[in-house]
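Visitor: pasting the structure only:
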């Protein structure tokens, strides 16, 4: 057999496949979403446009990224650990990733480890032709499906739930790829936004409740799919509409076709997109993130005023809420904390000597602003509380007379299973402490959380509708919007996952 | 001869010495300062503390960094391209860089190319023992001195002006290292802040006018030197005082000794530290950067008010001035532009197709905020104007009805020779255009610059003292505070620098 | 979900998955075998012993290598491009690859490209537990099986025929792994030697004709499997016996069990192992490679004597035959050609200037030996003739008066489908030229090939038995010992292989 | 200052300067020479030709290599750890290293560590223009000169004695570069062969006794300099003559000019080039290495015959002597030991388990040949004896009935100071043991060394002339041909070398 491809010149690369676990910075206590997805169909140099789109979605995952393109005959993929801007560079990018259609992915790992094999898009060569898939979210019946597929003789190469989707498509007996895709949708549970690419079409899909976001845009004659509108703005595309909850869209040379194969339910988008994940310049499900966050700040000022001198945000995510709080309270907004954006991956063996320094690499106090002041500190949310207490201490050490900590979201009390990397319940501060215990542990003079109804008000409602809640909000309420099959499935709990037998390197 | 050192185990690294030019992002029109310096003497794990200090100075140079440590007998150095957090990592850091004293450097290249050989600290083994040196600034008689040293038989391994300092020390006939150091100071001209390390002491020095900053701190019994106070805050050190202009400090086991070997002149610190370079949480020469910048914004609002709806900063550097402008004008401060911090080094061949997208990777419009608004846009400075016009266009394309551009510093009309990487005069917009020409080219509805006297007012003075100006301000005024020997030196101009004969790879 | 494994310290590696085609050195006209396999069961530090065993098999594949080990609970794998000695190094090797059982592989690619995904051992996590497999040889019904498996919903991650074997095992409905393995054997055709590793056993298997070699050894209580005996010698293991043709051996804590599930046929081992591939110190199917090659040289001297002064081998593979030829002919053996073992992967753009030099990096003439001499040049085989003519010219340019070229094997006239990377028939010199045409093209004074019967004589027979040939010898005779399903399969020929749709990077 | 060079496209490389000690393989007991040098003047694509020349000299140093080229205006250099064939590759080689003149170097480190800074050619930019220098050999007054230069203010960047030469040239007050070069020659002692490149000429020089070799060749109109003739053969150049002992040749556009600035002495080339270092196809000082080695073998057979069955060389270096021994003795020459050329840099933590295997990665026994035989084993030399005893054991373990060890050179009793990396005297077996003690330690049945006079006979003389020995032979005789200033210099011994203060990384 001939080598299918031969690059005639240029430096040789040698690869060595081993494990690559990126440890979480212990300083970093923010919840993380695993992914951003992007796709474009019908535009020259589609991969270059995809790089730009992924740039704008980099905040949704900095660990790894990948692009798959198709020129109508062949697929080209490139995947790597690292930032989009460090991976997809070089003058030959559009040679490496040819064609008028491409999909891409940025990733922070939740399910599965940090192996390169888990990096998306994933590709499979079916009897009906190749398909590449990129996925934001998490399947709540991943283990269940995987176990069944392995029993049927499927071989998994990753620990990613996206591969489950590929295997379901491969096993489907549908004739047309869209039939197979829709059949697959009927098997999976959870929150997901998918983009897929075949030789002749791009597909977008969103879970039945619209937990994870996905929008449609146009750039000239091309169609674009993206996790957030900020990716459309980056490339100058116009916003068309959100993909609807439970909708599957097919984009090919005949334009866009919509499928709604599922029983219609009311949408319940994830509130955490508004609280933390989405970029402030994005519009998600019709609402401006920036305006919603300012409204949270205003509502928080109404619910939890304090006698103080200045409003200080925990940057960057606390800034819009702090602006809203300042506006409502009439107190001055000041940059009392400066964020260092050049953190990198420094890991120094923490000798006692160094540990005693109590260093915070990411945030520094602006001493002149804080000295002698009564400070209202605005953060977007409090998860474990480990970060918050360090910031309170830092602010106080810089001379603040009082520190009043405010969270622009309600207490987080339940873990997530739809793609947000949150700790277990016993690590969630609000799940295990009373308000006064928290205040003491956080070493602040007063503590206030936005109420659940207050959050719904900031979203433009009168409050939460307890019968048919308008949003996915289980982290605050414990009300999970879907079945949690894997969690229920005692068999999985006990027997574990066979794949885990391959541990150290692959 | 035996190998002096043998690491018995661990992975082998293989090095290949070639050129490594980091191209400037064409999107990026900000002036850059080449360096931050840091040193600590008298503390266990000095190199680990130095890593943390350099973290805080990363904004002063992201291209390369290095550390030299000394355990009283031997020196250890490590230098690399890349961010501090990516280079100085690993559990064995304090094994690689041993000792209770260390100095470090972050670098953006001005003089010299991007060769690893130019990365600091630089080390020389003199007959009196080893010395490592790290340097922020630029010598204005670098070429002059270098030519003389080469004629005397000195061999240069870099194109960095720091190596000139090392050779002068090596050639000095002084017996004590401090005598040699002071003799060397008498030969060099320009703006500089130096930290040096020998087996028994750490030295700090600042140029006779104090153009470049350097501060002294204490951490327990240890002494710290750093370009800015934010590095002291990072490690929890207390601020002692600035190194004075023209002062040389010697720090050893007997404490700190001060030398002032030069004729006393009035200090003239660089204004651009306040306008752009220093971090907002630093205090430079006794003044808070954040407060000064807010004062610039207030003064700018007094000098150049406009009938508008919102104040929008060009982030991040324009934020404090915009807060000051909003405060003075009573108009609301809004985050109308979002900065993307994950830019990386993406380089895509700019096909016409991609170029037409007019993409801005670093800044995105917050459409909801800008739409239909009359916007006052606050930037810290305008150099070439190429960035500014793109931002004005972006804001207008996002729906702004009017765009009033304001610069929180005076027009930049003259190049710098003290370590700021500014373009030649013919590329400086304000040097080659009238105010109205600029307004048209920048496509804004109105344009305003802070006046020179206004800037001095924001610094706390009544205005500029034309006889003995309080600051280095030639970029605005053409009044260079020192001789510019190399510039004057016609011989150098014509014959060039012999070192340039070694070009491509070393 | 928790990360299944977390290495707490040590440098981070970042991986970027792209293509990696190693181009064949145009100087190199030797046939290549794709693989060596090795396995050990029941010995501490099994992976370290495997590294040593693979060292001894490095001549069977220098492009890539891999090891999979198992500690009875978990599997550990590491695979890389490069030499064994460059890949499997470092003091933590036995930490990276734990357990008392391990299998390994060295590889030169035939089927499939040079992607890291094609590097072996391959691993699959079945419902019955994990299995790793390493394979030397080639399946002649690879495409046929792959197409069927893909139609049934299997997803392939490589273009390697080894993955077909894994999928067949995964799809088998057998309860016990050995049942599945034997069922799989019944589906595959071609030449192969397999080693596999499960949590509880090591498996070895050889194709029904024993085309590819595999031997059993013992090292203390441990069992060893290896392609050649030289790997046993390397680790000090004792040779037990060859795995028989069509035999499957199961090695577990109860010792070795043998299965012979197939209809018994006479063995037909591959003659090319004797002619070229195996190391001279190996004993293959009971015969010493070195002695056989010397016998080929003696027989060649009988068949094709010449009036000459010296016998000169083309090193290294021609040396034993040249010693035999010298012994038989009574002419002195001289090192007239020196081999350079440090060739590396130099690729210089062949400007006309450089091309005119006619450089041979691998072989140099020993001018003093050759000058004025009538030389009999002994090579092991002639494939395309491109190398041979360059060597003849080199010898003549060094002053040889006459050059008589002798091949210690018969004319190669037919391609191989069992794991030897030979060119197509129209590139095989002997298939397309008469003897005299060859002599002219090779620019030698006389040309002689060992006869087929002569080769069989050197192997210790009276000659080839045309009814039931004792060996696989189709490259000389066109008599293929098995079906060639893929070749026959017109569908594959026309439609190609779906996997090829994923081309550039994966 | 503008960046002198800007590569517009292509991947960016990031460099990290750290230490890189290559440990000696404990299996490897051979003496090593540190360098090969090559230069070509007056040929297009000079750097590509230099790559080929260095290929042929790779046996003289596998640790690192470098090339400096000049296009008449600028110099281009590239240096790296690794093999020539792995470093100097890529289609852009002649773009990276431009010009019609180039010099190159392959290196095994003796003086100085393995830092990239020690890799040659070294470059200096003098007031008279740039000069690059590559050096084979060792200065015996290196420390002495270095100390004086450092006291005079010279800064060293390496621990290589080549840098001493550069500094002497830089410090020389001569007007013309050749005057400076010759003045420098008068200061240095030891054995050396130098090639240097300026903008207008290439220089070659050999020490006054011609200890290290250097030859002149022509390729068309171009001149070539090389350590051995095999480099001329590689590129098709014709041999002109050896550079004479104490000669300096200047090659420029007017051709070759010869200088003999020193008092004429008789030449004393190094015998170890004949015994071990030079490639068998080279002709050194008019004598074929291959023929000389065969003659050593014949002489050895005369001096130390034994009643045996076969002659077996320790490959590769023992092969020619074994052929000579076989010829003289009439006993059959057999490849009883096979050499593995794919050793790589494997380092496995030697657990007791692995150590007990007594593995030899480089040599394997050819069991069939050795079994039951009385073997005469021919090695080129015996240094520490550690390798020899392992080989004797290996041969015996493979079944040899008797092992008679013969060294084709006399007992090595004194260390070298001219560029051969030999152990100290107390590690040299022959310096510390009687012949019978050695025989016992080497576990052989008999032991024989070629006599000193026998070696001179093999070189074509009647024996050694004790008054004016024809060769450098101190390792056998203790008769050092030059002063050993550094050794004599007690100050250096005690105080050490200041440069050693910079230890771990740079």
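Guide: Thanks, I have it. Keep in mind that what you see is a predicted model, and the values were worked out from it rather than measured.
Visitor: Would you mind checking which helix or strand in chain A has the lowest mean pLDDT?
Guide: strand A:16-17 (a mean of 44; mean pLDDT, DSSP states H and E).
Visitor: number of nearby residues for residue A:333?
Guide: Applying other CB atoms under 10 Å in any protein chain shown, we find 23 residues neighbouring residue A:333. In this view, the C-beta of every residue, glycine as well, is placed from N, C-alpha and C.
Visitor: If we ignore the residues flanking it in sequence, what's nearest it?
Guide: residue A:326 (3.9 Å; CB to CB, 6 or more residues apart in numbering or on different chains).
Visitor: can you tell me the helix or strand for the one you found?
Guide: Here residue A:326 sits within helix A:319-329, counting by DSSP states H and E.
Visitor: on contacts alone, who are the packing partners of that helix?
Guide: helix A:289-303, strand A:310-313, strand A:374-379 (3 or more CB pairs under 8 Å, 6 or more residues apart in numbering or on different chains; DSSP states H and E).
Visitor: Now residue A:417. Nearest residue, chain neighbours left out?
Guide: Per CB to CB, 6+ apart, closest to residue A:417 is residue A:140, 5.2 Å.
Visitor: right, so of the helices and strands packed on helix A:319-329, which gets closest to residue A:454?
Guide: helix A:289-303 (4.5 Å; CB to CB).
Visitor: What is that closest one packed up against?
Guide: If contacts are counted by 3+ CB pairs under 8 Å, 6+ apart, helix A:289-303 sits against helix A:319-329, helix A:452-458, helix B:367-370.
Visitor: For the ones you listed, could you give me JSON lines that also reports mean pLDDT?
Guide: JSON lines is the format used below for the helices and strands packed on helix A:289-303 (pLDDT from 0 to 100):
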{"stretch": "helix A:319-329", "mean pLDDT": "98"}
{"stretch": "helix A:452-458", "mean pLDDT": "98"}
{"stretch": "helix B:367-370", "mean pLDDT": "96"}
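Visitor: okay, the ones you listed in JSON lines with mean neighbour count next?
Guide: JSON lines is the format used below for the helices and strands packed on helix A:289-303 (neighbours: other CB atoms under 10 Å in any protein chain shown):
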{"stretch": "helix A:319-329", "mean neighbour count": "24"}
{"stretch": "helix A:452-458", "mean neighbour count": "22"}
{"stretch": "helix B:367-370", "mean neighbour count": "23"}
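Visitor: want to throw the ones you listed into JSON lines with distance to residue A:472?
Guide: Shown next, in JSON lines, are these (distance: least, CB to CB, whole Å):
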{"stretch": "helix A:319-329", "distance to residue A:472": "20"}
{"stretch": "helix A:452-458", "distance to residue A:472": "12"}
{"stretch": "helix B:367-370", "distance to residue A:472": "23"}
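Visitor: sorry, back to before: toward the C-terminus, what is the element adjacent to the helix holding residue A:326?
Guide: As assigned by DSSP H and E, the chain's next helix or strand after helix A:319-329 is strand A:337-339.
Visitor: partners of that following strand, with directions?
Guide: Strand A:337-339 has its sheet partners listed here by DSSP bridges as strand A:363-365 (antiparallel).
Visitor: for the partner strand, what is the average pLDDT?
Guide: Per-region confidence: strand A:363-365 scores 93 on mean pLDDT.
Visitor: Residues touching that strand, excluding its own?
Guide: Applying CB atoms under 8 Å, 6 or more residues apart in numbering or on different chains, the external contacts of strand A:363-365 come out as A:314-315, A:336-340, A:391, A:394-395, A:397-398, B:56, B:230, B:233-234, B:279, B:281.
Visitor: List only buried entries from the residues you listed.
Guide: Burial by neighbour count, judged by 16 or more other CB atoms under 10 Å in any protein chain shown, picks out A:314-315, A:336-340, A:391, A:394-395, A:398, B:56, B:230, B:233-234, B:279, B:281 from the contacts of strand A:363-365.
Visitor: in stretch A:370-385, what's buried?
Guide: Applying 16+ other CB under 10 Å to stretch A:370-385 flags A:370, A:373-385 as buried.
Visitor: Where do the domain boundaries of chain A fall?
Guide: Listed by automatic domain parsing, the domain ranges of chain A are A:32-268, A:287-474.
Visitor: just to revisit the earlier point, for residue B:153, which of the helices and strands packed on helix A:289-303 is the nearest?
Guide: Using CB to CB, the helices and strands packed on helix A:289-303 put helix A:319-329 closest to residue B:153, at 58.7 Å.
Visitor: how far is that closest one from where the chain is centred?
Guide: Relative to the chain's own centre, helix A:319-329 is displaced by 25 Å; criterion: CA atoms, centre = their mean, to the nearest Å.
Visitor: residues in contact with it?
Guide: With contacts defined as CB under 8 Å, 6+ apart, helix A:319-329 is touched by A:280, A:289-290, A:293-302, A:305, A:311-313, A:331-333, A:376, A:378, A:380, A:406, A:408, B:332-335.
Visitor: got the angle for that helix vs strand A:374-379?
Guide: 140 degrees (axes from the mean of the first three to the mean of the last three CA atoms, to 10 degrees).
Visitor: Quick check: pLDDT value at the residue of the stretch 51-200 of chain A found nearest chain B.
Guide: Of all residues in the stretch 51-200 of chain A, the one sitting closest to chain B is residue A:85 (1.9 Å; CB to the nearest CB). Residue A:85 carries a pLDDT value of 86.
Visitor: from what I can see it touches residue A:52, true?
Guide: No. Residue A:85 is beyond contact range of residue A:52, at 10.1 Å (criterion: CB atoms under 8 Å).
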